[in-house]
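A.B. asks: got a predicted structure here, sequence first:
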Amino acid sequence: MRKTTLLVSVIDVLTRLAGAMEGEGVSLDQFELPINSHMARRNLANYLKAGCPEVTYADGISDEELARHGMERSPYGREGAKVRLGQGF
């Protein structure tokens, strides 16, 4: 009976998460990326462990300018999506 309760709780949380992400414009392909990609899964895990820091987009900014700010382009999502992890990370 306990496993059933846990399973129902997990399904409830995932359903609410999927709905919230859909409301933020996350596509099903983007939502499934961490399932299919080890690198994306690791990046998402690090992002969650860091407390979900703000994500900014660097479209139109050169690689050199990004590097000056300790940033680089992400291979996932929108071109140039980057996570700023803050000084304490």
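C.D. replies: In hand now; what should we look at?
A.B. asks: break this protein down into its domains, please.
C.D. replies: 1-27, 37-89 (automatic domain parsing).
A.B. asks: hey, least reliable of the ones you listed by pLDDT?
C.D. replies: In terms of average pLDDT, domain 37-89 trails the rest of the domains of the chain, at a mean of 68.
A.B. asks: for stretch 32-43, list every residue counted as buried.
C.D. replies: By neighbour count on 16 or more other CB atoms under 10 Å, the buried set for stretch 32-43 is 33-34, 40, 43. C-betas here are computed from N, CA, C, even on glycine.
A.B. asks: next SSE after the helix or strand V13 falls within?
C.D. replies: Using DSSP states H and E, V13 maps to helix 2-23. Once the chain leaves helix 2-23, the next helix or strand it forms, by DSSP H and E, is helix 28-36.
A.B. asks: give me the helices and strands touching that next one, please.
C.D. replies: helix 38-49 (3 or more CB pairs under 8 Å, 6 or more residues apart in numbering; DSSP states H and E).
A.B. asks: how about the CA coordinates for the helix it packs on, as CSV?
C.D. replies: C-alpha atoms of helix 38-49 as CSV (Å, rounded to 0.1, in the frame of the first residue of the first chain):
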residue,chain,number,x,y,z
HIS,A,38,23.1,12.4,-20.1
MET,A,39,24.6,15.9,-20.5
ALA,A,40,21.2,17.6,-20.3
ARG,A,41,20.3,15.5,-17.3
ARG,A,42,23.5,16.5,-15.5
ASN,A,43,23.0,20.2,-16.4
LEU,A,44,19.5,20.1,-15.1
ALA,A,45,20.5,18.4,-11.9
ASN,A,46,23.2,21.0,-11.3
TYR,A,47,20.7,23.8,-12.1
LEU,A,48,18.2,22.4,-9.6
LYS,A,49,20.9,21.9,-6.9
